[in-house]
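Engineer: sequence and predicted model, in that order:
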Amino acid sequence: KQEVTQIPAALSVPEGENLVLNCSFTDSAIYNLQWFRQDPGKGLTSLLLIQSSQREQTSGRLNASLDKSSGRSTLYIAASQPGDSATYLCAVRLISGGYNKLIFGAGTRLAVHP
Amino acid sequence: NAGVTQTPKFRILKIGQSMTLQCTQDMNHNYMYWYRQDPGMGLKLIYYSVGAGITDKGEVPNGYNVSRSTTEDFPLRLELAAPSQTSVYFCASSYGQGSYEQYFGPGTRLTVT
């Protein structure tokens, strides 16, 4: 059974730091991996989607890497800002049956203080 | 376009009551999903639909029902609400599977007391 784990569960840093959020999954037979941002009281916003054949994706100050063989992904946030404060969720899409379902981790709650 | 919209935003139910959570998308997406998120946990799939008239169970379907009579709407029905159904419910949609992203609504926070 696929399990997705995110470490750390919570992180508090001063503004300007470079951050690494970790995601691990137990079954390497994934279709892709997606990082989401969740703000309090709001839905999820997709940040980056990495296909299983890719090693990384970049968007602005965000860079996500994928090592399928070791079951790991990292989300790197450069020069963090208070506006980056949110919960970051990692989800893997499984290759199984007729429907590719998403399995979510519990998230990393990030607080960036001025 | 509005994307994925959900109503209501908040609701308190008494044990045994029923209600319908509404979800509408205006992106002409074929796939729609209902998830629940318990405190400190990731999202778990309740039901999904691959098109109008077609629905199927996800990981945690017990206590819920869905229907999909149109492409746009995917309501989630709770019958005989129980405290274990206290959660935040998210609806999502996507054009297809695989590499297609899922777009999420803002969620409905439900408390059953």
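Structural biologist: That came through, no problem.

Engineer: CA atoms for contacts and neighbours, from now on please.
Structural biologist: Fine.

Engineer: do any residues in stretch A:56-67 lie close to chain B?
Structural biologist: No - contact of stretch A:56-67 with chain B (C-alpha under 8 Å from any C-alpha of the partner chain) is absent, the minimum separation being 13.8 Å.

Engineer: how about the residue nearest the centre of chain B: what's its closest non-neighbour residue?
Structural biologist: Among the residues of chain B, the one closest to the centroid is B:W34, at 2.9 Å (C-alpha atoms, centre = their mean). Once flanking residues are discounted, B:W34 sits nearest to B:C91: 4.6 Å by C-alpha to C-alpha, 6 or more residues apart in numbering or on different chains.

Engineer: that neighbour contacts B:Q6, doesn't it?
Structural biologist: Yes - applying C-alpha atoms under 8 Å, one finds B:C91 in contact with B:Q6, separated by 7.2 Å.

Engineer: hey, what's in contact with both of these two?
Structural biologist: B:23, B:105, B:107 (C-alpha atoms under 8 Å, 6 or more residues apart in numbering or on different chains).

Engineer: that older thread, for the residue nearest to the centre of chain B, which residues make a bridge with it?
Structural biologist: B:Y47, B:C91 (DSSP bridges).

Engineer: then A:V112?
Structural biologist: A:V13.

Engineer: residues contacting it?
Structural biologist: When contacts are counted by C-alpha under 8 Å, 6+ apart, A:V112 touches A:12-15, A:80-85.

Engineer: I'd like to know how many residues surround A:S69.
Structural biologist: Using other C-alpha atoms under 10 Å in any protein chain shown, A:S69 has 9 other residues around it.

Engineer: just A:V20 next, same as before
Structural biologist: 16.

Engineer: for the shared contacts of B:C91 and B:Q6, which single residue is the most surrounded?
Structural biologist: In the shared contacts of B:C91 and B:Q6, the most neighbours by other C-alpha under 10 Å go to B:G107, 28 neighbours.

Engineer: before I go, just wanted to say thanks for your time.
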